[in-house]
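>>> Turn this into a structure:
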Amino acid sequence: MSCSIIICTYNGETKLQKTLKAIINQETAFPWELILIDNNSSDNTFPYSESFLENSGIDYRVERYLKPGKMYAFWFGMSLAKYDFILDCDDDNELFPDFLEEGLKILNSKPKVGALGSLGILPEQKVPDWFIFFSKSYALGPQRNHLEPLPKFAHLYGAGCFYRKSILDDLKKKGFESLLSCRKGEELTSGGDVELCHAIQLMGYDLMYSESSKFYHHIGEERINFEYYLRLKKGISSSFPILLAYQFDEYSNFSDFKKALLSSFIILIKGLIKTFILPRNTYQRKVDFVVVRAKFWAFFKNYRTAIDGYKRNQKIFGS
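Purely as a prediction, here's the structure:
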């Protein structure tokens, strides 16, 4: 049992204290390491992290990675990792003391599990009514049933997710690279964690959720704001239709895939018309209004990437 914890952070100086303290205080009987990647920060993230960790007594390294994009930084961190399992820990996640112990106990007993999600908990704080209905977008709450394999093309949120390193190594050898960068600085682009889950399933492994590995997700008040949430949903939707490229085995040939893309675009047009007609008098309708427009423009931006991704994925995963 051994684990490499990877934190990819952008301007995380003001958020990292609780995260790093919780990692230092992990109660485990096996070796582990921390790899912190400063992803092109403009604050004092790098010197702050070095100073905080230098007398911690843990096995750690702090590195800079200048290309913006969380998934790019994550893969760089993975290339430095020396242990069998990878934990993707966000810079605002406070792991429970037994987080590593619980997670690796499950992974060692279930060799077919390629990725294991955990339970994000919001510390006690007052939140608006709308937040409860949309909290999963903030990596909070249960992710399906405890220790049951997820359906095909389901996904786990990246925060607090364990990965089996041998699978990631195999993906790299096969020529896999993330088509989605995830967050770039202040941009709320997303989808890299979903993409990685799809790739792991296509490699023949299961996704699973454990409610026994828990972490507090410290979400600042500025993010528990509906305008911010609309920006977040816009960022999540900006990956469309790239993720469809992972469902290549649902189409008999390349021509059918292109037809499916066209069909999805027609559905978007209908959605645009519907959101123009319906009044935006509920939170959900406001979300729908933002999402369908984001997907509409993303279709033009990402169409070529989806086409190329389909061809690449057929070569990597097709058999």
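
>>> in the stretch 101-250 of the chain, which spans are helices?
129-134, 165-173, 192-202, 226-237 (DSSP state H, counting those that start in this stretch).

>>> May I see the buried residues of the first one?
Residues W130, F131, F134 are the ones in helix 129-134 that count as buried (16 or more other Cβ atoms under 10 Å). For the C-beta atoms, the positions are set from N, CA and C on the backbone; glycine is no exception.

>>> which one of these is nearest T282?
The closest of the buried residues of helix 129-134 to T282 turns out to be W130 (Cβ to Cβ; 9.5 Å).

>>> contacting residues around L232?
The neighbours of L232, taking Cβ atoms under 8 Å, 6 or more residues apart in numbering as the test, are S137, Y138, L188, S190, R223.

>>> just those: which has the poorest pLDDT?
Lowest pLDDT of the contacts of L232: L188, 64.

>>> who wins for neighbours among the contacts of L232?
Neighbour counts for the contacts of L232 peak at S190, which has 24 neighbours (criterion: other Cβ atoms under 10 Å).

>>> Give me the nearest residue to that residue, chain neighbours excluded.
Sequence neighbours aside, I236 is the residue nearest to S190 in space, at 4.4 Å (criterion: Cβ to Cβ, 6 or more residues apart in numbering).

>>> my read: that neighbour touches G192, true?
No: when contacts are counted by Cβ atoms under 8 Å, I236 is not listed as touching G192 (11.0 Å).

>>> Where do the domain boundaries of this protein fall?
3-232, 240-317 (automatic domain parsing).

>>> got any ranges where the protein has weak pLDDT?
The model of the chain has pLDDT under 70 over residues 182, 184-188, 319.

>>> Show me what the strand or helix carrying I37 packs onto, helices and strands only.
For I37, the enclosing helix or strand under DSSP states H and E is strand 32-38. With contacts taken as 3 or more Cβ pairs under 8 Å, 6 or more residues apart in numbering; DSSP states H and E, strand 32-38 sits against strand 3-9, helix 45-53, strand 60-64, helix 70-80.

>>> what's the most buried one of the ones you listed?
strand 3-9 (a mean of 25; mean count of other Cβ atoms under 10 Å).

>>> and that strand, how far from the chain's centre?
Relative to the chain's own centre, strand 3-9 is displaced by 13 Å; criterion: Cα atoms, centre = their mean, to the nearest Å.

>>> and the angle for that strand with helix 165-173?
60 degrees (axes from the mean of the first three to the mean of the last three Cα atoms, to 10 degrees).

>>> quick one: strands adjacent to strand 3-9?
Applying DSSP bridges, strand 3-9 is found paired with strand 32-38 (parallel), strand 85-88 (parallel).

>>> can you put these in a markdown table and add distance to G175 and mean neighbour count?
Below are these laid out as a markdown table (distance: least, Cβ to Cβ, whole Å; neighbours: other Cβ atoms under 10 Å):
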| stretch | distance to G175 | mean neighbour count |
| --- | --- | --- |
| strand 32-38 | 23 | 23 |
| strand 85-88 | 20 | 24 |
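
>>> now these in CSV, with distance to G271?
Shown next, in CSV, are these (distance: least, Cβ to Cβ, whole Å):
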stretch, distance to G271
strand 32-38, 37
strand 85-88, 32
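
>>> Which of these sits closest to S178?
That would be strand 85-88 among these, by Cβ to Cβ, at 12.7 Å.

>>> residues making contact with that closest one?
Here strand 85-88 has contacts from 2-6, 8, 74, 78, 100, 103-104, 107, 158-165, 168, 193, using Cβ under 8 Å, 6+ apart.

>>> same thing but 6 Å
C3, S4, I5, I6, M78, L107, G158, C161, F162, Y163, K165 (Cβ atoms under 6 Å, 6 or more residues apart in numbering).

>>> Would you mind checking which of those is nearest to N55?
Using Cβ to Cβ, I5 comes nearest to N55 of the contacts of strand 85-88, at 18.4 Å.

>>> if we can go back for a sec, from the domains of the chain, which stretch is densest packed?
domain 3-232 (a mean of 18).

>>> So what does Y283 look like in phi/psi?
Main-chain dihedrals, Y283, degrees, to the nearest 10: phi -60, psi -40.

>>> right, and it touches D129 too?
No: the criterion here is Cβ atoms under 6 Å, and Y283 misses it with D129 at 8.8 Å.

>>> Now S238: closest residue in space that isn't a chain neighbour?
Nearest residue to S238, sequence neighbours excluded (Cβ to Cβ, 6+ apart): A298, at 4.9 Å.

>>> For the one you found, give its distance to L202.
Plainly put, A298 is 23 Å away from L202 if you go by Cβ to Cβ, to the nearest Å.

>>> How about F257?
Relative to L202, F257 is positioned 15 Å away (Cβ to Cβ).

>>> Same question for P97.
35 Å.

>>> Check P241 too.
From P241 to L202 the distance is 17 Å (Cβ to Cβ).
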